[in-house]
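>>> Based on what follows, work out the 3D shape:
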Amino acid sequence: MSDTSKPSNPVHEQAVNPAFRALRITAPNLDAEQRMYNALLDELDAATQALESLKLLQEAHSLERDKKLRPLEQQARQLYSQIMEQLEQRLLNPVGLSKKHLAAIESVAQAFSKVLHPTDTQRAATQFTQSEHPHISEQTTFDKTAEREAAKQAHQAKRQQAKQAVNTNSTSGEDEQNTPNLLRNMYRKLASALHPDRARDEAERVHKTALMGQVNAAHDAKDLLTLMRLQLLTQTPESPTESTYTTSIPKDKLKQAIQQLQAQLQALREASQQMQTSMQEEWDLPYGNISAKSLQMALRKEAQELTSHIAYLQSDALWLSDDAFLKNWLAQQASLFD
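Sure thing, here's the model as predicted:
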């Protein structure tokens, strides 16, 4: 039975996840609270899909980025090592170089070492790779290996925060007394229905144990939406269809359900925002909505800049054996560290 209190939107209906649609109240002549509940489910569906899409984009881009940039980064790293070896050789054979030149070589070699071994001094490596080096544009992304490693760690921490944000209402160690009645009652019913000891055979025991794990996690996180969806699975265990789903939220508990789901919706949106901000910071993306196209453009730009940087490093490595070039090059490098 359809919701006759509100015109249907065929396009929207096609986009709604059946699991969410199944939770809708389908009685005729819905009141304001019931309509609010249904609308909230639609928003939760959209927010859930948005977060999942971001996760997929993030995973795909990380793989693609490593695939395209890692060989270039390795090539650049080899060139840095080659240049360092050339500089070290000149320190061993200083003929034609003044003390000032030798000191400059030592300074440059130290800076290059920080690029090659960024964990020693993260800040120095970052300053060097983003400086106004004549052979490095301000946006150059030569690995910034230090930055990437630090960014990965920061990103992992932010992903953990995002997961916690989804469970904003979560405090897994709280007393059950602090759990809303609706959530607690739903949990008790599910625990009773899914208790492994009531399984008829080993296969059912394994299945119920897995579901019970999800129930416990959702209860600890005060995740009403997941409990509702698990409850539907227990009602229709054998390939349920949309028409067999029914919501078991009593009318007098609907307000409490709405409040709980509103909190989850806010948490989902915050998680998406945190993930988007994290991706922008880690990959130096422009602010705004992240899409596959924007990620592809950013990666293409990063690869082009790194390729250009490699060309400059190759030129440096080729000409550093010439004393006139070396002295001029050292003067350019020295300006970076003044």
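
>>> Can you pull the phi and psi angles for residue 75?
Main-chain dihedrals, residue 75, degrees, to the nearest 10: phi -60, psi -40.

>>> Repeat that for residue 223.
phi -90, psi 90.

>>> how many neighbours does it have?
By the measure other CB atoms under 10 Å, the count of residues near residue 223 is 24. C-beta coordinates here come from the backbone N, C-alpha and C atoms, glycine included.

>>> With residue 90 as the reference, measure out to it.
Computed as CB to CB, to the nearest Å, the residue 223 to residue 90 distance reads 64 Å.

>>> Repeat that for residue 74.
Distance from residue 74 to residue 90, counting by CB to CB: 25 Å.

>>> Comparing these two, which shows the higher neighbour count?
When residue 74 and residue 90 are compared for neighbours, residue 90 comes out ahead with 21 against 11, by other CB under 10 Å.

>>> For the residue nearest to that one when sequence neighbours are not counted, what is the enclosing helix or strand?
Once flanking residues are discounted, residue 90 sits nearest to residue 105: 6.0 Å by CB to CB, 6 or more residues apart in numbering. Using DSSP states H and E, the element containing residue 105 is helix 99-116.

>>> for that helix, which positions count as buried?
101, 104, 105, 108, 109, 111, 112, 113, 114, 115, 116 (16 or more other CB atoms under 10 Å).

>>> Show me what that helix is packed up against.
If you count contacts as 3 or more CB pairs under 8 Å, 6 or more residues apart in numbering; DSSP states H and E, helix 99-116 packs onto helix 32-92, helix 122-129, helix 323-337.

>>> For this protein, give me the ranges with low pLDDT.
Scanning the chain for pLDDT under 70 picks out the ranges 1-16, 119-180, 236-248, 336-338.

>>> Nearest the middle, which residue of it would you pick?
Among the residues of the chain, the one closest to the centroid is residue 275, at 4.7 Å (CA atoms, centre = their mean).

>>> who's in contact with residue 65?
283, 299, 302 (CB atoms under 8 Å, 6 or more residues apart in numbering).

>>> I figured the last one hits residue 72, correct?
So the one you mean is residue 302. No - between residue 302 and residue 72 there is no contact under CB atoms under 8 Å: 9.1 Å.

>>> Next, give phi and psi for residue 289.
Dihedral angles (degrees, to the nearest 10) for residue 289: phi -70, psi 130.

>>> ok, how many other residues are close to the closest residue in space to it that isn't next to it in sequence?
The shortest distance from residue 289 to any non-neighbouring residue, by CB to CB, 6+ apart, is to residue 276 (7.6 Å). Look at residue 276: counted by other CB under 10 Å, it has 21 neighbours.

>>> now swap in the one 10 residues further on and tell me
Under the neighbour criterion other CB under 10 Å, residue 286 is assigned a count of 9.

>>> Next, the angle helix 323-337 makes with the helix holding residue 105.
Counting by axes from the mean of the first three to the mean of the last three CA atoms, to 10 degrees, helix 99-116 lies at 60 degrees to helix 323-337.

>>> Distance check, residue 46 against residue 83.
Following CB to CB, the distance that separates residue 46 from residue 83 is 52 Å.

>>> Equivalent analysis for residue 50, please.
According to CB to CB, residue 50 stands 46 Å off from residue 83.

>>> residues in contact with the residue nearest to residue 90?
Contacts for residue 105 were tallied using CB under 8 Å, 6+ apart; they are 87, 90, 91, 97, 330.

>>> my read: the last one touches residue 102, true?
Spelled out, that is residue 330. No - taking CB under 8 Å as the definition, residue 330 is not a contact partner of residue 102, at 9.6 Å.

>>> Not counting its neighbours along the chain, what's nearest residue 280?
That would be residue 287: by CB to CB, 6+ apart, it lies 6.1 Å from residue 280.
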